[in-house]
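Colleague: My questions are about this predicted structure, shown below with the sequence.
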Amino acid sequence: MVNRRQLIKISALGTASFAAPAAYSVSETTMSYNTGNPIGSTDPRDLSDNAKILDKFVNGPGSMYADRFGTNRKTIPAMGIEFEADQAGRNSAFTSAQAERVTEFVDFLESSGFETPVDYVVGLSITRPTQTVRYLGELYRAKNASLPFVTSGWAIDVPKLLAAGDASLRQELADPSRNDKMLAFMRGPFGKSAYTVAGMLSAQSLNVWEYINRIPAGDRIDEAEPATWYWDTAINAALQEGKKVLIPHLLRVKRKITTKVTGAQLVGDGIDSAGLVLDLQGGPGAGFIGDCVIELGDSTAAADVSTHLGISSLTIDVGGRDIPGVAMFGARDGSYVQRVYIKNFSSTAFKTNKAGGGTGFATGKMCQGVKIEQVVALPQHGIKTDVFLLDGIFESEINLCKAFGFTLAENSAVGFAVGRNTESRGVKLNTCSAANMVKFGNAANFNAVIQYGEWARDNWDYNITFENVEGAGVVFHGGTASGQLLPLNCRSVDPRPYFSAVAAVLNPLYLFRKANACFAEGVNYYSTVKAIFEFTGEGGLNNYGVLTGGVNPEALVSSGVVVFGAGALSSNFVAGYSSEVSTRKEFVVTVDQQFYRVLPNGASEQTDQFYTTFNLGASGKYRWRNSSLETVASIDDSGLSSGKTALSVKLIKNGVTSFDRIEVGTIDSAGAGYRTLRIPN
C-alpha cells in the first residue's frame, strides 16, 4: 500500500493526483511525470520518464509501449519477431526464385548448342555441361550435379550422364532456319474437333503443296527453288480429290489443268498474287501440252456432265498463245468462274461448249446453270477472234466481265459471241463491258461488242458498256443451219456507249442482219454513234428497235438514227416512245441510202441526190408556225372539193388577219389555158 507520506512526496515532485490512487500500480503512478516538455528537455523528471520507457522498450514483455508524448512504439523484442517472420518469407521467395532460375538455366543448357561429341573412353575429363560423349551410337552429356569428373568405366559413369539425343533434336526443332524442313504432315480424316496440329491442318482446304511428290524430277528445274518447277501434275492430282484446292502463289505449268471431278475447285490466294503462268511463246521451255490452260468439265465426246466445278481468285497468263485461258465443257449446276484475270492471250480468252464440243444442237451435254463473274480478259498484242465465246450454254449468267483488245489487221473481233457454233439459250449478260476494241492495220475488218449468232435464241444483255469501240455495239446475225432463222428472240436493253473518240465510233449501236424477232431498246448517251439502229436487208424478219427518250443530236456524227437497207423496211420495225416524246422534235431514218427525217406524227422528209420530198403522216395534215407559234400556212388534203386546194395561208385583208384556203378560179380565168389562184374576199 502507498502511505500518506509517500503520496505527499510524490505530489511535491510532480502532478500526481490524490484521487482514486488504487487505480494505478506503483510503477505506473510513481514513475511517470508526463511533463509534456519538448524533445531535448533536461528536466530530471523527463530523464526519469525516458529511463523507464527505455527499460520497457528493451526489456518489456509487450510488443508496444507509449513514449512520454503518448505515441505507441514497437519494442525491440517485437521488432525481432517481425524481422524473423519477414526474413523467413524472403528466404522462401528467394529459394523459389532461385529454383526457377536453376530450371531456366538447365533448360537453357539443354537447348544450347552442344560440342562435337567424342567417343566414350576411360580417362575423359568432363568439366562442362555442353560436352557430349558417344557410346554405342547414342549421345550423352553430364548431369550438372556430377560435374566435374573423369570417366572411369561405363557402369560407374552412367548414373552421372543424361541421354542427349532428344535434346539435340529439340535444339534443331527450335531453330526457325531448320525446323520447317524437319516436320511432315499427312492429311487424315477430320473428326468433331481439331485438338492437334495435324487435326487442324486436316480441317483446311487442300493445298497444292501437299502433292509436290507428284512432280516428276524433270519438272523440278532447280530442286532448291520451287518457283522454277512445273506444277501441273501436282495440281491435277489434287483436283482428283473432288475438293477445293488452294493455289498460294504464281505457279508455272506446261500441261493442261483438268477439273472434271464433281466438286473440284481451283482457288487462288488472291488474284494479284496467285495463279498459273505459261512460259512465253517461243521462249525457253515454251512447249505447252493442251488446247487450253484450265478445262472445267471434260471436252471428250464420251464425257458426261460434271457439277459444282469452280475457279476463283487467280490469274492465268497464257504466254501469248492461241489457246483459251479457261474452257468449260458440260459443266452444270453450281459450276462457276469468278474473279479471274486472263492475260497475254492472242485468240479466245474464255469459251464454253457442250461435252464433246463440235457444232449444232447442245441438248444433253451443254453447260447449264453456271455463273461466270468478274472475268477480265486482256490480250498480249491483239485479238484474232471472239474474246468470250459462249457456245453450248443454257440458263446461265455472265456478270461484270470485261473484254479488252484491238483487232489485228487480218482479223475481226467480238467481245462476247453467243451461240456462234453451238446452240445457246437463256444466257444473260449483265453489266459487262468491252474496251479499246479498235481496228488495226486493215480498215475492212469488223468489230462488235456482242454478237448473237446462228445458234442463239432467247438470250439477252443488259446495261453493257461500250468503251472506245470501233464497230458495232450489238450484232444480231446468224443463219438457218438449225432449220430456222437464228438468232431468235434475243434482246439488248440499255447499253452505255462511253468514251469513244471520233476515230473509234460505234456504227451502228444495234445492227440487225440475218436475225428473227430480235429486239433492242434504249441507249444512255455518253459518246458519239453514227447510227442507233441499222437493218441491212439480208433477210432479217420481225426485228424491233425501240427508241426510248429523246435522241441526242450531239451523239450523232453521221447520217441517221435509223438505217434501213434495201428490202428491210417492210419486214422490220422501229418505234419511239417515252415521257420525253413530246419534247423530241424528230429522228432521222435512212432507207436504201435515202435519208428521212421522221416526226412524231408520222410525217417524214425524204432526201436523195435529186429531191427533198416531204411525206405527210396518216392524218394528211401539216402546218408551219412562226417564232410566236402562230400558224402561217398549213396543208390539209382532207375534205377537198372542186376548186379547192390543200394549202391554207395567213393573210391580212382590210387590216384584219385571216387564215384562208387557196382556191382555183374558173377555166381560162388567168388567160387561155390557165386558172387563177384566189382567196375569198
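Modeller: Nice, thanks for sending it over. Numbering: from 1, shown residues only.
Colleague: max-length helix in this protein?
Modeller: Using DSSP state H to define each element, the chain has its longest helix at helix 76-111.
Colleague: to the chain's geometric centre, what's the distance from that one?
Modeller: With Cα atoms, centre = their mean, to the nearest Å as the basis, helix 76-111 stands 60 Å off its chain's centre.
Colleague: following it, which helix or strand shows up next?
Modeller: With elements assigned by DSSP states H and E, the helix or strand that comes after helix 76-111 is strand 118-119.
Colleague: mind checking which helix or strand of this structure has the lowest mean pLDDT?
Modeller: Every helix and strand in the chain was compared by mean pLDDT, DSSP states H and E; the lowest is helix 4-13, with a mean of 41.
Colleague: What's opposite Val245 in the beta bridge?
Modeller: Leu206, Leu266 (DSSP bridges).
Colleague: can I assume it is in contact with Leu239?
Modeller: Yes: applying Cβ atoms under 8 Å as the test, Val245 and Leu239 come out as touching, 5.7 Å apart. Where C-beta positions appear, they are placed from N, C-alpha and C, glycine not excepted.
Colleague: Need the residues touching each of those two.
Modeller: Counting by Cβ atoms under 8 Å, 6 or more residues apart in numbering, the shared contacts of Val245 and Leu239 are Ala264, Leu266.
Colleague: Low-confidence stretches in the stretch 251-400 of the chain?
Modeller: Counting by pLDDT under 70, the stretch 251-400 of the chain contains low-confidence ranges at 281-286.
Colleague: What ranges does it have for its strands?
Modeller: 255-259, 265-268, 275-277, 289-297, 306-307, 310-317, 326-329, 331-332, 336-345, 350-353, 367-368, 371-379, 386-390, 393-399 (DSSP state E, counting those that start in this stretch).
Colleague: so can I have a markdown table of the ones you listed showing distance to Tyr510 and mean neighbour count?
Modeller: Formatted as a markdown table, those follow (distance: least, Cβ to Cβ, whole Å; neighbours: other Cβ atoms under 10 Å):
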| stretch | distance to Tyr510 | mean neighbour count |
| --- | --- | --- |
| strand 255-259 | 37 | 21 |
| strand 265-268 | 38 | 23 |
| strand 275-277 | 37 | 23 |
| strand 289-297 | 32 | 22 |
| strand 306-307 | 37 | 20 |
| strand 310-317 | 33 | 23 |
| strand 326-329 | 29 | 27 |
| strand 331-332 | 31 | 27 |
| strand 336-345 | 28 | 22 |
| strand 350-353 | 24 | 28 |
| strand 367-368 | 27 | 26 |
| strand 371-379 | 24 | 21 |
| strand 386-390 | 19 | 28 |
| strand 393-399 | 19 | 21 |
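Colleague: Relative to Thr422, which of these is closest?
Modeller: strand 350-353 (5.6 Å; Cβ to Cβ).
Colleague: Please save the CA atoms from that closest one in CSV.
Modeller: Below are the C-alpha coordinates for strand 350-353, written out as CSV (Å, rounded to 0.1, in the frame of the first residue of the first chain):
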residue,chain,number,x,y,z
PHE,A,350,-12.7,-17.8,-122.4
LYS,A,351,-15.1,-20.3,-124.0
THR,A,352,-17.9,-22.7,-123.2
ASN,A,353,-19.3,-25.6,-125.2
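Colleague: list the helices and strands it packs on?
Modeller: Identification of packing neighbours for strand 350-353 by 3 or more Cβ pairs under 8 Å, 6 or more residues apart in numbering; DSSP states H and E yields strand 326-329, strand 371-379, strand 386-390.
Colleague: Quick check: can you list the domain ranges of the chain?
Modeller: Using automatic domain parsing, the domain parsing of the chain gives 241-618, 631-678.
Colleague: and among the ones you listed, the most buried is which?
Modeller: domain 241-618 (a mean of 20; mean count of other Cβ atoms under 10 Å).
Colleague: ok so, going back, got the helices and strands packed on strand 350-353 as a markdown table, with distance to Pro680 columns?
Modeller: Converted to a markdown table, the helices and strands packed on strand 350-353 look like this (distance: least, Cβ to Cβ, whole Å):
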| stretch | distance to Pro680 |
| --- | --- |
| strand 326-329 | 80 |
| strand 371-379 | 75 |
| strand 386-390 | 71 |
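Colleague: Select, out of the ones you listed, the one closest to Phe404.
Modeller: Closest to Phe404 of these is strand 371-379 (Cβ to Cβ; 4.7 Å).
Colleague: Of all the strands of the stretch 251-400 of the chain, which one is nearest Ile156?
Modeller: strand 265-268 (64.1 Å).
Colleague: what packs against that closest one?
Modeller: Using 3+ Cβ pairs under 8 Å, 6+ apart as the contact test, the elements touching strand 265-268 are strand 244-247, strand 255-259, strand 310-317.
Colleague: In CSV: the ones you listed, plus distance to Ala403.
Modeller: Putting the helices and strands packed on strand 265-268 into CSV (distance: least, Cβ to Cβ, whole Å) gives the following:
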stretch, distance to Ala403
strand 244-247, 24
strand 255-259, 23
strand 310-317, 15
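Colleague: For Lys621, find the nearest of the ones you listed.
Modeller: The closest of the helices and strands packed on strand 265-268 to Lys621 is strand 310-317. By Cβ to Cβ, the value is 63.9 Å.
Colleague: starting at the chain centroid, how far to that closest one?
Modeller: 12 Å.
Colleague: One more: stretch 267-281?
Modeller: Here stretch 267-281 is found 15 Å from its chain centre; the criterion is Cα atoms, centre = their mean.
Colleague: And for it, what's in contact with it?
Modeller: The contact list for stretch 267-281 (Cβ under 8 Å, 6+ apart) reads 205, 235, 244-254, 257, 285-286, 288, 293-294, 310-321, 339-341.
Colleague: can you list the weak-confidence ranges in the stretch 51-200 of the chain?
Modeller: Along the stretch 51-200 of the chain, segments meeting pLDDT under 70 span 106-112, 165-172, 174, 176-200.
Colleague: on that earlier part again, between the helices and strands packed on strand 265-268, which one is closest to Gly537.
Modeller: Nearest to Gly537, of all the helices and strands packed on strand 265-268, is strand 310-317, at 42.3 Å by Cβ to Cβ.
Colleague: need the helices for the stretch 501-650 of the chain, in chain order.
Modeller: Ranges of helices in the stretch 501-650 of the chain, per DSSP state H, counting those that start in this stretch: none exist.
Colleague: so how far is Ala142 from Ala99?
Modeller: Plainly put, Ala99 is 21 Å away from Ala142 if you go by Cβ to Cβ, to the nearest Å.
Colleague: same deal with Ser482?
Modeller: Using Cβ to Cβ, Ser482 is found at 91 Å from Ala142.
Colleague: swap in Thr233?
Modeller: Using Cβ to Cβ, Thr233 is found at 52 Å from Ala142.
Colleague: ok, the two, which is more surrounded?
Modeller: Ala142 (23 against 18; other Cβ atoms under 10 Å).
Colleague: Pull the contacting residues for the closest residue in space to Val318 that isn't next to it in sequence.
Modeller: Leaving aside its sequence neighbours, Val318 sits nearest to Phe345 (Cβ to Cβ, 6 or more residues apart in numbering; 4.2 Å). Contacts here follow Cβ under 8 Å, 6+ apart; on that basis Phe345 touches Val318, Gly320, Arg321, Asp322, Ile323, Pro324, Gly325, Ala377, Pro379, Gln380, Ile383.
Colleague: May I have the beta-bridge partners of Phe345?
Modeller: Beta-bridge pairing for Phe345 (DSSP bridges): Pro379.
Colleague: what's the spacing between it and Val649?
Modeller: On the measure of Cβ to Cβ, Phe345 and Val649 end up 69 Å apart.
Colleague: same check, this time on Glu82
Modeller: According to Cβ to Cβ, Glu82 stands 131 Å off from Val649.
Colleague: can you check Arg252 too?
Modeller: Taking Cβ to Cβ, one finds Arg252 at 85 Å from Val649.
Colleague: What confidence value was assigned to Asn552?
Modeller: Listed pLDDT for Asn552 reads 55.
Colleague: my bad, Phe18
Modeller: Note for Phe18: predicted pLDDT of 37.
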